[in-house]
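**Q** sharing a model prediction with you, sequence too.
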Amino acid sequence: MLFFLREYVNVNAMKSQKSRPTIKDIANIAGVSIGTVDRALHNRQGIGIHTKSKILTIAREIGYQKNKAASGLSRKKPLVFAAVFPEKLHYFYDDVRRGFKEEVENLKDFKLVSSIHSVCSLGHGEERVLQKLLREDIDGLVLVPGHKSKLNHLIDQFAERGVPVVTVSTDAPRGKRLTSVCVDPRKNGELAGELLANFVSGSKVAIMVGSLEIEDHFQKVVGFREAFSSLCPEGDVVAVLENQESEILAAENTKQLLAMYPDLSGIYVATANSVAVCRVLVEKGVSQKVKVVTTDLFDEIVSYLQKGVIRATLFQNPYRQGRKAVELLFRFLVEKYRPKSHYYLEPIVVMRSNLSFYYSSEMGGFKE
């Protein structure tokens, strides 16, 4: 029985790591859920004898020591993780929400529960919801901040009350949040700038964001300008348009842009609000002349990618962002793990040639 561990882990390598082994390490090695590990470690029902023996052997071999907080968690009141997500744009934030909910469900054996709240769109209504949550008994908060600084006083109040805040998708960097989970926005913008510099044949391009008051959007613009100007010195970013995450406004801005700059050669849409932009380009008959780089991957834009209206899109994996935010909150509260100030995911360039790796029409969506 003691020799099966060689199939799962190099024990000496695990012991040489500086960080203390965690329940999640055991779960990954054993190929079981965190809840199953918890049942084995605390001698609870609902687990087979062989699985329990395997888990206990792994725990012993990697030097795992029970964390008092984790040991007592299932016998205390539930941990309540609140979240505030925008309803628009649904094809991005629905996936963030789904990742959040599924990671909470994954940790349900620790009596972790969720309290999910919605605002109409990013930057509209967060203050009211956060003021309400300050009066409630919650243990952690996941937030998509609709402004880079206006919510800081509320974020700081949560921190001062011992409620850690994890920002997701974008950031409020000067607030007292615990950490931020997102794709590095400046690098994201740089990547888009490099792509468009290689796609366009002319010199005039434009950028579309939700709002420059949103940290993620602002940093993407900075990164795009730097990369595009260095790779296309004769190039000119003729406009940076704020669409306020409105498809109607995105369509109107696209029409005005084409009217003002008939020789426009490219557009970078830095948020998921790209459907209306593509629709206008097709209607105006310029979808092959104006090269488009978009953000994220969802059902509504797949056909535009397949037809070449979109040359590339930068997938930010919103589902994974939602899950990671819960994981970091949980590890901070239960395992006393202190995350770094930013947790950056890698942007993934998706084009027609590699679309099948990330999207399946049979599955009805992107592959996780």
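**A** That came through fine.
**Q** for the residue nearest to Val309 when sequence neighbours are not counted, list the residues it contacts.
**A** Excluding the flanking residues, the one nearest Val309 by Cβ to Cβ, 6 or more residues apart in numbering is Ser287, at 4.4 Å. Quick note: C-beta positions are derived from backbone N, CA and C, even for glycine. By Cβ atoms under 8 Å, 6 or more residues apart in numbering, Ser287 lies in contact with 278, 281, 307-309.
**Q** try Leu231
**A** Taking Cβ under 8 Å, 6+ apart, we find Leu231 in contact with 193-194, 197-198.
**Q** hmm, try it at 7 Å
**A** 194, 197 (Cβ atoms under 7 Å, 6 or more residues apart in numbering).
**Q** Val144 touches Asp171, doesn't it?
**A** No. Val144 is beyond contact range of Asp171, at 9.7 Å (criterion: Cβ atoms under 7 Å).
**Q** ok, the two, which is more surrounded?
**A** Val144 (27 against 24; other Cβ atoms under 10 Å).
**Q** which SSE is the residue minimising distance to the centre of the chain in?
**A** Residue closest to the average C-alpha location in the chain (Cα atoms, centre = their mean): Gln321, at 2.7 Å. Assigned by DSSP states H and E, Gln321 belongs to helix 318-334.
**Q** kindly report the same for Val292.
**A** Counting by DSSP H and E, Val292 is part of strand 291-295.
**Q** go through whatever helix or strand comes next after that strand and flag the buried ones.
**A** Sequence-wise, the next helix or strand beyond strand 291-295 is helix 299-306, with elements assigned using DSSP H and E. For helix 299-306, the neighbour count (16 or more other Cβ atoms under 10 Å) marks 301-302, 304-305 as buried.
**Q** tell me the two of those that are most distant?
**A** Val302 and Tyr304 (7.3 Å; Cβ to Cβ).
**Q** pLDDT below threshold where in the stretch 201-350 of the chain?
**A** By pLDDT under 70, the stretch 201-350 of the chain has no low-scoring segment.
**Q** what about stretch 97-113, start to end distance?
**A** Counting by Cα to Cα, to the nearest Å, you get 14 Å between the two ends of stretch 97-113.
**Q** what does that stretch rub up against?
**A** 33-35, 38, 73-74, 78-81, 83, 85, 114, 116, 142, 318-323, 325-327, 330.
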